[in-house]
Structures are given as structure tokens and as C-alpha cells.
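**Q** heads up, no residue letters with this:
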């Protein structure tokens, strides 16, 4: 059981380039999330998808777009990368609303450097 | 805006019991309290979850007072491998939906 899988694991971009981070979960979860984590800092929610067909902004959505492609997949796109977007990105999923006691499962992270 | 408040960091020695308290004054009636652990270069992982009173599993205990405005994660006899960041998570940011916000977490450093 792979859980939450993210690709790529490492990426270096030049300022202004675009890229898409891919995420897939095999747990049949309804909800998916994208977080970023800067060095020595906590997790910040970028976007989330409560269920297939819906997406909503989190704490720090500027500069990002997302697509909930289907129930399994939730991608994060940087249209014009900036050095401030250098970070580790984590995709996560849960069966449903975490407040109801549903555990959030995280991927292994994608390390992105923008030069 | 995070709904939880935790100490930024804590130090301990191997073999000691560590208690990390999280404040969540505005917890909703139906919210569960969940703790996660994050090692360097890894995603967070579930440790323990509770709604009220005390919960214990093979890794930790979680104490929740009757008013549920705080919770305490207890790690018995910590080892060097317990050095990590610990996050307390409660529901969402208060606006409803799934806006699940993690606070800054507590950085636990276990010394030999």
C-alpha cells in the first residue's frame, strides 16, 4: 500500500519557469491537501480539496493553482516560479474532514528550489 | 490563523517523560484533537487522537481535561529517536470546511 505518492521528489527551477507537482493517493480518500514547509518552519496550507470536484484556498494560495483531476489525484502548479517559492511541498489526504477524527496521511515531500 | 498554541521548543534527556501541552481555547464541540510527529525530511505522521479524557496507545498518551480547551501529549521514557517536531491539530480554522491549519509545532530535542 503506497499511501500518498508525490512526484518529483527534487526539482530545481529558474525564476519564471512553470512546473506541476503531481500527487496521487490509493486509499480512496475524499479529501486532499497541499502544504508547504519552509526551513525550520511549520506547515502552511496552500490549497485543499474537500471532495472530488471541489478546491479551495488555504493560508498561502498566491502563486499557485491546483487541479483535482479525479478522486485519486491532486496536482499543484506553479505558473511563474519565484525564489520565495523555494520550499518543501507536502501532499496529504484524509478520508474526510479531519475535525471528525479522520487521520491526515502525508506524502514524502517534494523539494523545490527556485534560482 | 492557527487555532492552537504550543511551546516552540522543549529539551529533554533520554529516559525522561515528556509532556507537551497544546492550548485550543476555541475548540468546537465536535472537534477531535490529533497529534502528529514529524522527523526531518519527512512528512508528518499520526501519533494519537482523542476527544475527551485520556487515550493511550503504544507510543503515547493524550490527556484532555473536561473543558477540552487544552490537551497534553505525554511521551514516556523518550529516546534520541523521539527528537522531532510535534503538532497539535484541532478541526479547521474556525470558518468551517476543511481548512486544516497546523500551528508551528513543538520542536523536541532529546539529549543523551
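**A** Noted; the coordinates are in hand. Worth saying up front: this structure is predicted, and the values here are computed from it rather than measured.
**Q** can we go C-alpha only for contacts and neighbour counts from here?
**A** OK.
**Q** below-threshold pLDDT in the chain: ranges please.
**A** In the absence of a named chain, chain A is used. Along chain A, the model assigns pLDDT under 70 to residues A:1.
**Q** wait, chain B
**A** Within chain B, the ranges that satisfy pLDDT under 70 run B:1-2, B:92-99.
**Q** so which residues of it form strands?
**A** Along chain B, counting by DSSP state E, strands occupy B:9-13, B:18-23, B:33-38, B:45-50, B:53-56, B:61-64, B:70-75, B:84-90, B:106-111.
**Q** which of those is buried the deepest?
**A** Of the strands of chain B, the one with the most neighbours on average (mean count of other Cα atoms under 10 Å in any protein chain shown) is strand B:84-90, at a mean of 26.
**Q** residues in contact with that strand: which ones?
**A** Strand B:84-90 is contacted from outside by A:99, B:3-4, B:6, B:22, B:24, B:27, B:31-40, B:100-109, using Cα atoms under 8 Å, 6 or more residues apart in numbering or on different chains.
**Q** ditto for stretch A:101-108
**A** A:3-6, A:90-96, A:98, B:31-34, B:41-46, B:49.
**Q** if you set the cut-off to 6 Å instead, what comes out?
**A** Residues outside stretch A:101-108 that contact it (Cα atoms under 6 Å, 6 or more residues apart in numbering or on different chains) are A:4, A:5, A:90, A:91, A:92, A:93, A:94, B:32, B:42, B:43.
**Q** the third one touches residue A:111, doesn't it?
**A** No - the pair residue A:90 / residue A:111 is not scored as a contact, 9.1 Å apart, by Cα atoms under 6 Å.
**Q** neighbour count: these two, which is higher?
**A** Ranked by neighbour count (other Cα atoms under 10 Å in any protein chain shown), residue A:90 and residue A:111 place residue A:90 first, with 28 against 19.
**Q** OK, contacts around the residue nearest to residue A:84 when sequence neighbours are not counted?
**A** Nearest non-adjacent residue to residue A:84, counting by Cα to Cα, 6 or more residues apart in numbering or on different chains: residue A:114, 7.7 Å away. By Cα under 6 Å, 6+ apart, the residues touching residue A:114 are A:12, A:13, A:14, A:15, A:83, A:86.
**Q** all good on my end, thank you.
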